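[1] build me a model:
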Amino acid sequence: MPYEARALVLARLGPRAGDLVWDIGSGCGSVAVECVRLGAAVVAVEQTAGGVERIRGHAAAQGAEVRVVHGAAPTVLSHLSDPDGVFVGGGGRDLRAIVAAAARRARRAVVVAPSALEEVAPVRAALAACGFAVDGVLLQSQRLLPLPDGSSSLAPSAPVLLVWGTR
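    Now for the predicted structure:
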């Protein structure tokens, strides 16, 4: 996820000292690490062994203490303490169930990065059903690319869908 999108995820989650954040489908753990830097305790949930090791390695390299749970959401969520905020990265066939399980327990915010536009409506519905005010954006950014003649061009990055619910 480009850092521009990660900044909006963090702004919507609002992690702070004393908070607990779940990072479900944590990927490399970048959101988890940033939440720790802002003072929150973080539980990263990842279903693949390789993903678990990647998160642990990234967190260790950044000096961030992230608890990593190896397992599939929403099943493993029942064993976790209620969070203040939840980030759900990616999509998949269980996305609506994962978002619904997270939304039932989150105190303040749930932010989701669906991987496809078709996933937006079910995510919005799951958040709204749990009493969240729902909003979202499609973020597209372009990075400056220096050219040999000293001028610049723009290099587009992949668009990122974000949907969030707040109480």
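
[2] need the contact list for residue 44.
    By CB atoms under 8 Å, 6 or more residues apart in numbering, the contact list for residue 44 reads 22, 23, 26, 29, 32, 55, 59, 66, 67, 68, 69. (C-beta placed from N, C-alpha, C; glycine too.)

[3] what would those residues look like in CSV with neighbour count, secondary structure and pLDDT?
    Listed next are the contacts of residue 44 as CSV, based on neighbours: other CB atoms under 10 Å; DSSP: H, G, I helix; E, B strand; the rest coil; pLDDT from 0 to 100:
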residue, neighbour count, secondary structure, pLDDT
22, 27, strand, 99
23, 30, strand, 98
26, 30, coil, 94
29, 28, coil, 96
32, 31, helix, 98
55, 25, helix, 98
59, 23, helix, 98
66, 22, coil, 98
67, 13, strand, 98
68, 20, strand, 98
69, 18, strand, 98
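
[4] which one of those residues is nearest residue 137?
    The shortest approach to residue 137 among the contacts of residue 44 belongs to residue 23, at 19.8 Å (CB to CB).

[5] CA atoms only for stretch 135-145, dumped as CSV, please.
    What follows is stretch 135-145 as a C-alpha-only set of coordinates in CSV (Å, rounded to 0.1, in the frame of the first residue of the first chain):
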residue,chain,number,x,y,z
ASP,A,135,-17.6,6.8,3.9
GLY,A,136,-14.8,6.0,1.5
VAL,A,137,-12.5,7.1,-1.3
LEU,A,138,-10.5,5.8,-4.3
LEU,A,139,-7.0,7.2,-3.9
GLN,A,140,-4.8,7.6,-6.9
SER,A,141,-1.4,9.3,-6.7
GLN,A,142,1.5,9.9,-9.0
ARG,A,143,5.1,10.1,-8.0
LEU,A,144,7.6,12.5,-9.4
LEU,A,145,10.0,10.7,-11.7
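
[6] how far does it sit from the chain's center?
    In this view, stretch 135-145 has its centroid 16 Å away from the chain centroid, taken as CA atoms, centre = their mean, to the nearest Å.

[7] and that stretch, which residues are buried?
    136, 139 (16 or more other CB atoms under 10 Å).

[8] identify the residues contacting the strand or helix carrying residue 138?
    Element membership of residue 138, judged by DSSP states H and E, is strand 133-139. With CB under 8 Å, 6+ apart as the test, strand 133-139 has contacts from 2, 4-5, 8, 120, 124, 127-128, 159-167.
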